[in-house]
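A.B. asks: Sequence plus predicted model, see below.
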Amino acid sequence: MLETANRIGYELSQKGSETFRVFNPYTQSELDGDFAVATAEEVDLAVEKASSAWKVYRSVSGRQKAIFLRAIAGELEALGDTLIDRVMQETALPRGRVEGERGRTCGQLRLFADMVEEGSWVNAIIDTAMPDRKPLPRVDIRNMLQSTGPVVVFTASNFPLAFSTAGGDTASALAAGCPVIVKAHASHAGTNALVSGAILKAAREAGLPDGVFSSIQDSGIRAGTQLVQHPGVKSVAFTGSFQGGLALYRAAQQREEPIPVFAEMGSVNPVFLLPAKLKADPQGMAKQIADSVNLGAGQFCTNPGIVVLLDTPETEYFVAALKNAFSELIPSVMLNKGIYENYQRARAHCLNVTGTQVEFIQPSGQNELWQAYPAVASTSGNNFLAQPALQEEVFGPFTLLVRCSSKDELLQVAASFQGQLTATIFASDHEFGEWNALPAELEEKVGRLILNGVPTGVEVGHAMQHGGPFPAATDSRFTSVGSAAIRRFARPVAFQNWPEAWLPAELKDHNPLGIVRFVNGKWVLP
């Protein structure tokens, strides 16, 4: 039986009478489950429990946290088709995509488990005392990262597992030693209920304190706003729209004690096609870009929304091939009605901008489904520079071709972009020298710069950077994907003249945990 109550630590809670239901986007029918909207009292209780749990959980060993994280992954896998089927019902995503996303989610959890079990992530730095140093002696100072406190995670609409209840934000916060309060996405409350139950089962079995994890439900913004403004919350993680992320960021800055909001807010991910590379294989590049634009019905934050190229005779071959590739795409049902309507609205807005022309739109007929019909438009480089509205993200299977009259104009277009998650350059080897100003310009704009590959497909590893300058994210120094995401929920603490017995294990002289440390200006292996 699917639990529809809020989960306040280990308690199921339904103190109010207000409920909501979830829709199947494919059939547009209601799914089973009357999900309880959290009351203000329940939100307060979740934060109070998280604050109490933090006093214990912050000191839990890396090994015990690793057991917890691996147990969550095991519980998710043990849900089997019960989880897969519910995700499919709530999102209209195909089975293969959902199974792959579950695998990614479990892989993330195990990645962080391995990292905290090994322990070097705390970045231990030791400057030992130098009492005889002249003209002044040096005191003993030791420094390491420690958890910051309860984290609120807002789950994403487009990744119901990997960026949601047990996704990367939750995994990295728990790995850092921070209790998590999830604000569930109203479009997949059933998925959240199943995953939340798995997390809490793993927490109980690991002997962790009540409040290390909670799940709050709301079909609107009240509970989320209350969480962000609660003095017991110490940071926020968000994946979603620019408007939603900015609203949370502003709410957090209005608190008596402002807190960081790590918001990943989308991107148009410009792709630059240099002429020699384009001339060599216009059809192959058109197919590659069309597939990337339409991946997941264009509902990835890394879909290429703008393609920039020189307006040459070869460009016409590429445009014709791109139209043909788009004509072969199969429209997909979008995640929910709101996303479908926003796509229709944003696409129409872009197509109505002065100087923009339609290259291809799949005919929709009498479309009663929430299907995203792929489209391509184009404009000149000069018009793109004159119309800032053309930089706005169209979340769905849409891309805009920007046809530049010269190399200088193309570089001006590159310079005009706001912060992005990614930028891509397709170039032949002999073009690198001639176009070296382009990557130099784009490095200032993005978190990830790609050569000869599409931006969709974000590897979960140690080197990944998934974030970028504003407005792609609220803090370009951090990533929301990969092991470095843990740094969002930790801060450095220095211990000066501290006796050995009172130091954390990571900073003791004999290095009992056997971690890599930076001692007196040199990296020291265990």
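C.D. replies: Looks like it came in fine.
A.B. asks: Is it correct that Ile289 is in contact with Leu322?
C.D. replies: Yes. Ile289 lies in contact with Leu322 (Cβ atoms under 8 Å); the separation is 6.7 Å. Using the backbone N, CA and C atoms, a C-beta is placed for each residue, glycine as well.
A.B. asks: neighbours around Ala427, how many?
C.D. replies: 20 (other Cβ atoms under 10 Å).
A.B. asks: list the helices and strands the worst-scoring helix or strand of the chain on mean pLDDT packs on?
C.D. replies: Using mean pLDDT, DSSP states H and E, strand 371-372 stands out as the lowest-scoring helix or strand of the chain, at a mean of 90. With contacts defined as 3 or more Cβ pairs under 8 Å, 6 or more residues apart in numbering; DSSP states H and E, strand 371-372 has these neighbours: strand 332-333, helix 337-351.
A.B. asks: Specify the stretch among the ones you listed that is closest to Ala175.
C.D. replies: Nearest to Ala175, of all the helices and strands packed on strand 371-372, is helix 337-351, at 30.4 Å by Cβ to Cβ.
A.B. asks: Give the buried residues for the one helix or strand Glu314 maps to.
C.D. replies: Under the criterion of DSSP states H and E, Glu314 resides in helix 313-327. Neighbour-count burial for helix 313-327 flags Glu314, Thr315, Phe318, Val319, Ala321, Leu322, Ala325, Phe326 (criterion: 16 or more other Cβ atoms under 10 Å).
A.B. asks: Quick check: which ranges of this structure have low pLDDT?
C.D. replies: Applying pLDDT under 70 to the chain flags the ranges 365-367.
A.B. asks: let's see 50
C.D. replies: Within the chain, no stretch has pLDDT under 50.
A.B. asks: remind me, longest helix of it?
C.D. replies: helix 95-118 (DSSP state H).
A.B. asks: Packing partners of that helix?
C.D. replies: Partner elements for helix 95-118 (3+ Cβ pairs under 8 Å, 6+ apart): helix 62-78, helix 80-91, helix 168-176.
A.B. asks: Point out the most buried one among those.
C.D. replies: Mean neighbours per residue, mean count of other Cβ atoms under 10 Å, is largest over these for helix 168-176, with a mean of 30.
A.B. asks: Ala124 is nearest to which of the helices and strands packed on strand 371-372?
C.D. replies: Closest of the helices and strands packed on strand 371-372 to Ala124 is helix 337-351, at 44.4 Å (criterion: Cβ to Cβ).
A.B. asks: Could you list the residues in contact with that closest one?
C.D. replies: 23, 25, 28, 157-158, 298-299, 334, 356, 358, 370-372, 375, 377, 389-390, 392-396, 398, 400 (Cβ atoms under 8 Å, 6 or more residues apart in numbering).
A.B. asks: Can you give me the distance of Arg70 to Lys407?
C.D. replies: 52 Å (Cβ to Cβ, to the nearest Å).
A.B. asks: re earlier: return the members of the contacts of helix 337-351 classed as buried.
C.D. replies: Using 16+ other Cβ under 10 Å, the buried members of the contacts of helix 337-351 are 23, 25, 157-158, 298-299, 334, 356, 370-372, 375, 377, 390, 393-396, 398, 400.
A.B. asks: and the closest residue to Leu109 other than its chain neighbours, what does it touch?
C.D. replies: Leaving aside its sequence neighbours, Leu109 sits nearest to Ala73 (Cβ to Cβ, 6 or more residues apart in numbering; 4.2 Å). Contacts for Ala73 (Cβ under 8 Å, 6+ apart) come out as Thr105, Cys106, Gly107, Leu109, Arg110, Ala113.
A.B. asks: and with 6 Å instead?
C.D. replies: Residues in contact with Ala73 (Cβ atoms under 6 Å, 6 or more residues apart in numbering) are Cys106, Leu109, Arg110.
A.B. asks: ok, of the residues you listed, which one's closest to Ile199?
C.D. replies: Relative to Ile199, the closest of those is Leu109; by Cβ to Cβ it sits at 9.8 Å.
A.B. asks: circling back: quick one: distance of the least confident helix or strand of the chain to the chain centre.
C.D. replies: Taking Cα atoms, centre = their mean, to the nearest Å, the mean C-alpha location of strand 371-372 is offset from the chain mean by 23 Å.
A.B. asks: and the next element down the chain from it?
C.D. replies: Using DSSP H and E, the helix or strand that follows strand 371-372 in sequence is strand 375-380.
A.B. asks: what packs against the helix or strand following that next one?
C.D. replies: For strand 375-380, the following helix or strand on the C-terminal side (DSSP H and E) is helix 381-386. The contact analysis (3 or more Cβ pairs under 6 Å, 6 or more residues apart in numbering; DSSP states H and E) places helix 381-386 against strand 398-404, helix 407-416.
A.B. asks: Since that was my last question, I'll sign off now.
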